[in-house]
Each structure stands twice: as C-alpha cells, then as structure tokens.
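[1] Sharing a model prediction with you, sequence too.
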Amino acid sequence: MTEGVPPDQVRASDVDRKAVQDRLHTAHAEGLITLAEFDTRVGEAWQATTRGELAKITADLPVPQPVPIPTPPVPRRHRAPTALRVLGTIWLSISVLNVVVWGLVCLTTGHLIYPWWLWVAVPPGAVLGAVWWMVDGGRDGKEKRTALE
C-alpha cells in the first residue's frame, strides 16, 4: 500500500466500490437489509472516497461465508453380477472347446465339415447376451437417467 497512510485512508477504487455494492446486493438477497437501506448504502458506496468509508457501510453486516464448491461425483466402475460372469465364462469355454474339436476334425479328415459348433454356441450365447443386456443395460439406463436429472 501507500507508506505513511493508514489503510482506512487509502483512496477507494471503482473495483472496491463495486465489491461493496455486490456485498450489499447479497445482504439484501439474504434479507439482512431492506430495499431502502440497499439503495441508500449503494449511493453512499459510490460517493465514498476512502476504503475506511466503504468499510463503515458494511460494518454491521456479517462476514459472508464462502460458498462450498460442489465436487463432481466420481463415476463408479460397474461390474456385472457374479452369476452372469460365471455363466459367460462357462459359455465361452464350451464354445471354444467345440470350435477346437471341429477344427481338429476338419484337419484330420482333410475335409471342411459343416460348422455344427454354431448350434452349440449361438443359441445359448444369444440368450446369455439378452439376459446380460437386460440386467446390465437396466443399471446403465438408471445411472444415465439420474445423471440427467
């Protein structure tokens, strides 16, 4: 600051006056002062020449509390239910085993055999996929809906 001048005697800038006006606006919005008081005090703030005069205008008002900044929610990693993971592992293991058996038969006979393993893999895989989608998709849908609300 300026040397030799007490802090309350330092000249007030328009930024200082605007800050007091904003504080008075907040006080009025909180019901601490009436509209008439707000109008009078804002006029006094813009007429003030020193920071000491500005401090007197808001001296009877409580110190404003800082507004807490909300932290964004941490997205939770979603895992499928254990039963679905086990069933998916069993289905995948049986499907891979059938493809390997089919491939070995094709290699040993020298002929391309009808892909019978599709009948073992696709229908149960489709059912498992539909169940997985219904269980897992429903949860994702709820999370998306609550995030939008």
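    Noted; the coordinates are in hand.

[2] buried stuff in the one helix or strand residue 103 maps to?
    In this assignment (DSSP states H and E), residue 103 forms part of helix 82-109. If you call a residue buried by 16 or more other Cβ atoms under 10 Å, then helix 82-109 has these buried ones: 87, 88, 91, 95, 98, 102. (Glycine included, C-beta is placed from N, CA and C.)

[3] What of stretch 111-122?
    Taking 16+ other Cβ under 10 Å as the basis for neighbour counts, the residues of stretch 111-122 that come out buried are 117, 120, 121.

[4] Just the closest of the residues you listed to residue 34, please.
    Sorting the buried residues of stretch 111-122 by distance to residue 34 puts residue 121 at the head of the list, at 77.7 Å, by Cβ to Cβ.

[5] so who does the closest residue in space to the closest one that isn't next to it in sequence touch?
    Here the nearest residue to residue 121 in space, its sequence neighbours aside, is residue 95; by Cβ to Cβ, 6 or more residues apart in numbering that works out to 3.9 Å. If a contact means Cβ atoms under 8 Å, 6 or more residues apart in numbering, then residue 95 has 117, 120, 121, 125 as its contacts.

[6] From residue 84, how far out is residue 95?
    With the distance defined as Cβ to Cβ, to the nearest Å, residue 95 ends up 16 Å from residue 84.

[7] same deal with residue 55?
    Note on residue 55: its distance to residue 84, by Cβ to Cβ, is 66 Å.

[8] Return the closest of the buried residues of helix 82-109 with respect to residue 5.
    The shortest gap between residue 5 and any of the buried residues of helix 82-109 belongs to residue 88, at 77.2 Å (Cβ to Cβ).
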